[in-house]
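Undergrad: Provided below are the primary sequence and the corresponding predicted coordinates.
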Amino acid sequence: MASPTQPADLIEDALARLDADARRQHGNDQTAWTPGAWREHLLDLDAARLDPGWVITS
């Protein structure tokens with residue numbers, strides 16, 4: 001029997017998706033990201049921690 005999905009699991013999945021999307025969009029070398037890219041990424045991560053359901057899967 002599978003265990004129920006915990007909120008932490010949802011948050012972890014949302015954060016992983018956001019990180020993968022940001023790396024696809026801005027590149028794997030985070031030291032080369034612009035300050036705007038970093039700001040957007042950090043705001044997205046904060047939003048996913050508050051409400052992981054808003055993250056759109058592609």
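TA: In hand now; what should we look at? In this text the structure is predicted, and so the values were computed from the model without any measurement. Numbering: from 1, shown residues only.

Undergrad: what about the biggest helix by length in the chain, average pLDDT?
TA: Among all segments of the chain classified by DSSP state H, the helix with the greatest residue count is helix 7-26. The average pLDDT within helix 7-26 is 89.

Undergrad: check stretch 47-57 too.
TA: 75.

Undergrad: show me how far it is from its chain's centre.
TA: How far stretch 47-57 lies from its chain's middle: 8 Å, per CA atoms, centre = their mean, to the nearest Å.

Undergrad: and for stretch 25-38?
TA: 14 Å.

Undergrad: what's the answer for stretch 26-45, then?
TA: 11 Å.

Undergrad: number of nearby residues for the nearest residue to residue 38 once chain neighbours are set aside?
TA: Nearest residue to residue 38, sequence neighbours excluded (CB to CB, 6 or more residues apart in numbering): residue 30, at 7.9 Å. Where you see a C-beta, it was placed from the backbone N, CA and C, and this is true even at glycine. Other residues lying near residue 30 total 13 when counted by other CB atoms under 10 Å.

Undergrad: so which elements touch the longest helix of the chain?
TA: Where contact means 3 or more CB pairs under 8 Å, 6 or more residues apart in numbering; DSSP states H and E, helix 7-26 is packed against helix 35-50.

Undergrad: mind listing what residue 27 touches?
TA: When the contact criterion is CB atoms under 8 Å, 6 or more residues apart in numbering, the partners of residue 27 are residue 33.

Undergrad: re earlier: show me what the longest helix of the chain is in contact with.
TA: Contacting residues not belonging to helix 7-26 are listed as 30, 32-34, 37, 40-41, 44-45, 48-49, 52-53, 55, 57-58 [CB under 8 Å, 6+ apart].

Undergrad: show me which pair in those is furthest apart.
TA: Spanning the widest gap among these are 32 and 53, at 31.2 Å by CB to CB.
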